[in-house]
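Peer 1: Just a sequence and a predicted model for now, questions to come.
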Amino acid sequence: MGKAAHVGVGRLLRVGGLDGVQGRGCMNNTRGIKNMDFKQKLYIILCFHTYKYSSYVDNFIKKLISEGEVLNYDRYRVEIKWRGNQYGVWIENFPYSDLSDVKQRGYNNITFYKNLRPSRSTQIAFWGWMNKQGIYPNKYNEDITYEKVKALLTKTKL
């Protein structure tokens, strides 16, 4: 039902063909977007979200945006320092399931919350904040050691 419902909404509101390809799904339609533009906001608003809204999560993400500092990120998480603690925020599966999991880093990586989400407006604000720092959905920070390992493997005969 999820895909059929999404395609139906896209056709009803004439947004399904924004990128010239009908029916590829929410996440794939955002690949290559580098700025928080109208199209990206529209995907956040119209895409079905996997998890339930929580006002607690909404307020927490707003605090991270206003007072947090990005330390590092990879394909799955962005590390944010806030009030002396470090949090790993889930950013994969944009836009239907990102921001649905946060782990507090430290002695034993406590799961701060899981399977909940902020409001769509907070999700838009979060990605606007991330875009200002050069971090975009579905664009990954490639580690230089990855390139070295890849080069080594391509030169090695098995």
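Peer 2: Arrived safely. The model shown is predicted, which means the values in this text are computed figures rather than measured ones.
Peer 1: rest of the way, CA atoms for contacts and neighbours
Peer 2: OK.
Peer 1: For the residue lying closest to Pro118 once chain neighbours are set aside, identify the helix or strand it belongs to.
Peer 2: The spatially closest residue to Pro118, leaving aside those adjacent along the chain, is Asp58, at 4.1 Å (CA to CA, 6 or more residues apart in numbering). For Asp58, the element it lies in under DSSP states H and E is helix 55-67.
Peer 1: residue ranges for the strands of the protein, please.
Peer 2: In the chain, the strands defined using DSSP state E lie at 52-53, 69-73, 77-82, 85-90, 101-105, 110-114, 116-117.
Peer 1: Which of those strands sits closest to Ile124?
Peer 2: strand 116-117 (12.4 Å; CA to CA).
Peer 1: which helices and strands does the closest one pack with?
Peer 2: The elements that strand 116-117 packs onto, with contact taken as 3 or more CA pairs under 8 Å, 6 or more residues apart in numbering; DSSP states H and E, are strand 52-53, helix 55-67.
Peer 1: Show residues contacting the first one.
Peer 2: When you say that, I think you mean strand 52-53. Asn115, Leu116, Arg117, Pro118, Ser119 (CA atoms under 8 Å, 6 or more residues apart in numbering).
Peer 1: Need the buried ones from those residues selected in PyMOL.
Peer 2: The buried residues among the contacts of strand 52-53 can be selected in PyMOL (16 or more other CA atoms under 10 Å) with this line:
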select buried, resi 116+117+118+119
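Peer 1: returning to that earlier point: which of the strands of the chain is buried the deepest?
Peer 2: Among the strands of the chain, the stretch with the highest mean neighbour count (mean count of other CA atoms under 10 Å) is strand 116-117, at a mean of 24.
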